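Peer 1: Give the three-dimensional model of this entry:
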Amino acid sequence: MTGAQLDQSNRPGLLPVVIGGDIGAYALARQLHEATGQRVVLIASRPIQAIVLSSYIDVVFQEAEGEALIALLQRLAANRAAHSAVVMANHDSVAHTLASHRGRLEPVYVVPFPSLRAMEQLSNKVGFSAACESLGLRTPRQAVITGADLAAGDPKIDIPFPLVGKAAIGSDWDELTFAGKRKIYFLDSPEQLHGLWEDLRRAEFASTFLIQEYIPGDDDAMRSVTAYVASTGETTMIGSARVLLEDHAPSLIGNPVAMITEPHPMLWEASERLLSLVDYRGFANLDIKIDPRDGQPVFFEVNPRIGRNSFYMNAAGVNPMVPMISDLVDGRPGPRREARREVLYSLLPHHLLLHQLDDPALRRRVVRLAPRAVDPLLDPAERSLRRRVLVAIQKLNHDRKFHRFHPKPLLRRRGDASRSCARRRTGNSP
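Peer 2: Alright, predicted model coming up:
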C-alpha cells in the first residue's frame with residue numbers, strides 16, 4: 001500500500017462507491033480500498049479489464065446517469081445509517097449530477113464535491129477567469145462564444161494564431177457526442193477554426209465555448225495541484241506534481257500520463273486563495289502552466305472533483321481519501337496533510353517516457369526515480385495473473401498510441417541506448 005491510511009479495522013460499516021470505468025476510476029477504488037480495507041462497489045457499463053479482474057472491486061454493469069444514477073445509488077445504500085457510504089467520481093458531468101442531487105444522497109452518503117454555486121463560479125471557465133482576475137492571477141486571454149453566436153455565423157476572434165479551443169463547462173461537453181470530438185483543440189489557421197465552428201453547429205452545440213491564446217511550452221511546463229477543502233473551510237490536504245508527458249489521443253489530450261511529485265508552495269497558496277474566494281468545499285484539481293517566456297504561472301482551470309491522476313498524491317505519501325473520510329464520516333477535519341515526497345508517477349513504460357522527454361535534467365530525474373515509480377494499476381494486492389498480463393500489455397500499447405499521435409524520431413532512442421551502453425562500459429552513471 002502507498003501513503004497514509006486509516007486503521008482498516010475501524011471501517012467495517014463503510015460502503016465505498018465509485019462511478020466510472022477507466023484508469024482514474026480504478027485509482028479511486030484502490031485509494032478507497034487502502035483507506036478503509038473494504039470492498040468497493042463500482043458502477044460502469046464497460047469498465048476496463050483491470051477493474052473487472054480486480055480482487056476487491058464489485059462491478060455493477062449498468063449505464064447510469066442522471067435520475068437513473070441517483071436511484072441506483074439510493075438502492076445500493078438502502079437502510080444504511082447516516083455517513084455510512086461515500087461516493088466518488090472523476091467526470092465533470094457526474095460531479096454535477098451528484099452535487100445537484102446532494103439532498104437525496106445525504107446523510108447516508110458523504111458527497112465530497114463542491115456546491116453548485118461554487119461549481120458555477122470556478123468550474124465554468126468564464127467564471128474561473130473572472131475569479132482569477134479578482135485575485136491578480138493570470139489566465140489565458142480568451143474570447144467567449146455562445147451557441148447563439150455560432151448560429152449567427154463564424155464569430156470574429158481578435159486573438160492571433162495559434163489558438164486553443166475548449167468548452168467553458170466541462171459537464172456540458174461530457175454530454176455532447178459528435179464525430180471528431182476532442183477535449184482540446186489546437187488551431188493554427190483560419191481554416192481550422194472555421195472547421196471547428198462547422199463541427200459545433202452540426203452537433204447543435206448550445207453551451208459556451210472558449211477560444212484562448214496559446215501559451216507556449218511543452219507538456220513538462222504543466223503543473224497539477226490537488227486539494228481537499230474540509231467542511232470547516234480549511235484546506236486539510238494539498239499536493240502538486242510537475243507533468244512530464246500528457247496523452248495526445250484526441251479524446252484524452254491534456255491528461256497527464258507521467259508526472260513527478262514536488263511541492264509548489266506558491267501555487268498552493270494561490271490555489272487556496274482561489275478556492276476560499278467561492279467558499280469551496282470538497283476535492284479540487286487545478287491545471288496551471290508555467291509560461292517559459294517569463295517563468296510565471298498561468299492558471300487554466302479548476303476541475304470540481306479529484307483529478308484523474310490523483311494517485312500521484314498516494315505516491316507522494318498522502319491518500320486523499322483519508323482526510324475526506326476523517327472530515328465527512330468522522331467529523332474531524334484536521335490535521336493538514338501536505339504531499340512533499342518526490343516520486344515518479346507514470347502509466348508508461350520507462351523506455352517510452354525517456355524517448356518522449358527532451359529536457360536532459362528531467363530525463364536524469366526519471367532515470368533516478370524509475371526504480372521506485374508508481375503506477376496505480378500495479379497494485380500488489382491484486383493477485384490475478386491474467387490481470388497482471390493484461391495490465392502489462394496495456395502499458396506496452398502506449399508505444400503504439402504515442403507513435404500514432406505524438407511521434408518522435410526512433411533514432412534518438414537508439415542514440416540514447418548507445419550512450420547508455422558507453423556509460424556502462426566506462427563506469428559512468430547518468
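
Peer 1: Just the local confidence number for S418, please.
Peer 2: S418 carries a pLDDT value of 41.

Peer 1: cool, and P107?
Peer 2: 96.

Peer 1: again, but for S45
Peer 2: 95.

Peer 1: Just give the closest residue to it, not the sequence neighbours.
Peer 2: E63 (4.0 Å; C-beta to C-beta, 6 or more residues apart in numbering). Just so you know, the C-beta spots here come from the backbone N, C-alpha and C atoms, and that holds for glycine as well.

Peer 1: That neighbour and I43, how far apart?
Peer 2: 9 Å (C-beta to C-beta, to the nearest Å).

Peer 1: More neighbours: the two, which one.
Peer 2: A count of neighbours by other C-beta atoms under 10 Å puts I43 above the other of E63 and I43, at 25 against 10.

Peer 1: sec struct for the residue nearest to S45, please.
Peer 2: coil (DSSP: H, G, I helix; E, B strand; the rest coil).

Peer 1: State the phi and psi torsions of it.
Peer 2: Phi and psi for E63, reported as degrees, to the nearest 10, are phi -80, psi 100.

Peer 1: doesn't P47 make contact with it?
Peer 2: No: E63 is beyond contact range of P47, at 11.6 Å (criterion: C-beta atoms under 8 Å).

Peer 1: What are the boundaries of the strands in the stretch 101-250 of the chain?
Peer 2: 109-110, 142-146, 163-167, 185-187, 208-213, 222-229, 235-246 (DSSP state E, counting those that start in this stretch).

Peer 1: a markdown table for the ones you listed, including distance to I325 and mean neighbour count?
Peer 2: Converted to a markdown table, these look like this (distance: least, C-beta to C-beta, whole Å; neighbours: other C-beta atoms under 10 Å):
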| stretch | distance to I325 | mean neighbour count |
| --- | --- | --- |
| strand 109-110 | 8 | 23 |
| strand 142-146 | 38 | 17 |
| strand 163-167 | 32 | 21 |
| strand 185-187 | 39 | 17 |
| strand 208-213 | 36 | 20 |
| strand 222-229 | 11 | 24 |
| strand 235-246 | 11 | 25 |
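
Peer 1: Take those and lay them out in TSV including distance to V59.
Peer 2: As requested, those are exported to TSV (distance: least, C-beta to C-beta, whole Å):
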stretch	distance to V59
strand 109-110	19
strand 142-146	40
strand 163-167	30
strand 185-187	34
strand 208-213	35
strand 222-229	26
strand 235-246	28
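
Peer 1: where does the stretch 301-430 of the chain have low pLDDT?
Peer 2: Along the stretch 301-430 of the chain, the model assigns pLDDT under 70 to residues 410-430.

Peer 1: how about 90 then?
Peer 2: 334, 400-401, 403-430 (pLDDT under 90).

Peer 1: Okay, strands next: where are they in it?
Peer 2: 337-339, 344-346.

Peer 1: among those, which is nearest A241?
Peer 2: Closest to A241 of the strands of the stretch 301-430 of the chain is strand 344-346 (C-beta to C-beta; 6.7 Å).

Peer 1: Show residues contacting the closest one.
Peer 2: For strand 344-346, contacts defined as C-beta atoms under 8 Å, 6 or more residues apart in numbering pick out 241, 244, 257-261, 309, 311-312, 315, 353, 365-366, 369-370, 372-375.

Peer 1: Figure out how far that strand is from the centre of its chain.
Peer 2: Its chain's C-alpha centre and that of strand 344-346 lie 14 Å apart, by C-alpha atoms, centre = their mean, to the nearest Å.

Peer 1: Next, the buried residues of the lengthiest helix in the chain.
Peer 2: For the chain, the helix that runs over the most residues, judged by DSSP state H, is helix 385-405. By 16 or more other C-beta atoms under 10 Å, the buried positions in helix 385-405 come out as 387, 390-391, 395, 398, 401-402.

Peer 1: Verify the stated contact: S171 with A99.
Peer 2: No: using C-beta under 8 Å, S171 is not in contact with A99; the gap is 9.7 Å.

Peer 1: per-residue confidence averaged over stretch 282-300?
Peer 2: Mean predicted confidence for stretch 282-300 is 97.

Peer 1: following the host helix or strand of V86, which helix or strand comes up?
Peer 2: Assessed by DSSP states H and E, V86 sits inside strand 85-89. Going down the chain from strand 85-89, the next helix or strand is helix 92-100, by DSSP H and E.

Peer 1: what comes into contact with that next one?
Peer 2: In contact with helix 92-100 (C-beta under 8 Å, 6+ apart) are residues 19-20, 65-66, 69-70, 87, 89, 105, 111, 113-116, 119, 123, 169-171, 173-175, 303-305.

Peer 1: repeat that for 6 Å
Peer 2: With C-beta atoms under 6 Å, 6 or more residues apart in numbering as the contact definition, helix 92-100 has outside contacts at 19, 111, 113, 116, 170-171, 174-175, 304-305.

Peer 1: how about that helix: buried residues?
Peer 2: Those would be 92-99, for helix 92-100 by 16+ other C-beta under 10 Å.

Peer 1: now that helix against strand 163-167, angle please.
Peer 2: Counting by axes from the mean of the first three to the mean of the last three C-alpha atoms, to 10 degrees, helix 92-100 points 40 degrees away from the direction of strand 163-167.

Peer 1: Centre of the chain to helix 92-100, how far?
Peer 2: For helix 92-100, the distance to the chain centre is 16 Å (C-alpha atoms, centre = their mean).

Peer 1: now the longest helix of the chain against strand 235-246, angle please.
Peer 2: 60 degrees.

Peer 1: Test my guess that L377 contacts V391.
Peer 2: Yes: with contact taken as C-beta atoms under 6 Å, L377 and V391 are classed as touching, separated by 4.9 Å.

Peer 1: can you list residues touching both of those two?
Peer 2: With C-beta under 6 Å, 6+ apart as the test, L377 and V391 both reach A50.

Peer 1: Quick one: residues contacting the residue nearest to P160 when sequence neighbours are not counted.
Peer 2: Once flanking residues are discounted, P160 sits nearest to E213: 7.8 Å by C-beta to C-beta, 6+ apart. Neighbouring residues of E213 by C-beta under 6 Å, 6+ apart: 140-141, 159.

Peer 1: and if we set it to 10 Å?
Peer 2: 139-143, 159-164, 298 (C-beta atoms under 10 Å, 6 or more residues apart in numbering).

Peer 1: and those residues, which two are the farthest apart?
Peer 2: T139 and F161 (19.1 Å).

Peer 1: Now do the contacts for the nearest residue to R46 once chain neighbours are set aside.
Peer 2: With C-beta to C-beta, 6+ apart as the criterion, R46 has its nearest non-adjacent residue at 5.9 Å, and that residue is G21. By C-beta under 10 Å, 6+ apart, the contact set of G21 is 42-48, 50-52, 59, 61.
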